[in-house]
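J.: With the sequence up front, the predicted model follows.
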Amino acid sequence: MNDWHPIETGPKDTSVLVYCKHGPCEVGHYNTLMRGWVTSWDHRYLDTPTHWMPLPHPPASTAMIEGRQPN
């Protein structure tokens, strides 16, 4: 299953996972003032993003992160 979408269709109002042509995937968002995609944590420009996908849902519990069965 391929959830990647062309960056041109990316949402302008929420953070997403962004694939960049010359770098790793990062969490980014579109900054309307800068008119470009930037990282969510330090607001630096992303290197030519080409695709995006929604962020995954967080784990239901800490046990799932640690690989244990919840009680």
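T.: Perfect, thanks for sending it. Residues are numbered from 1 along each chain as shown.

J.: From here on, just use CA atoms for contacts and neighbour counts.
T.: Noted.

J.: In space, not sequence, find me the middle residue of the chain.
T.: Among the residues of the chain, the one closest to the centroid is Leu17, at 1.6 Å (C-alpha atoms, centre = their mean).

J.: That one: helix or strand, and which one exactly?
T.: Secondary structure from DSSP states H and E places Leu17 in strand 16-20.

J.: mind checking how far that strand is from the chain centre?
T.: Put simply, strand 16-20 sits 5 Å off its chain's centre (C-alpha atoms, centre = their mean, to the nearest Å).

J.: Show me what it is packed up against.
T.: Counting by 3 or more C-alpha pairs under 8 Å, 6 or more residues apart in numbering; DSSP states H and E, the packing neighbours recorded for strand 16-20 are strand 26-31, strand 49-53.

J.: Which strands or helices does the longest one pack on?
T.: Going back to what we said before, that points to strand 26-31. Contacts defined by 3+ C-alpha pairs under 8 Å, 6+ apart place strand 26-31 against strand 16-20, strand 36-39.

J.: tell me the contacts of the closest residue to Arg44 other than its chain neighbours?
T.: In space, and not counting its chain neighbours, Arg44 is closest to Val38: 5.2 Å by C-alpha to C-alpha, 6 or more residues apart in numbering. For Val38, the contact set (C-alpha atoms under 8 Å, 6 or more residues apart in numbering) comprises Gly28, His29, Tyr30, Asn31, Arg44, Tyr45, Leu46.

J.: Now do the first one against Ala60, distance only.
T.: When you say that, I think you mean Gly28. 23 Å (C-alpha to C-alpha, to the nearest Å).
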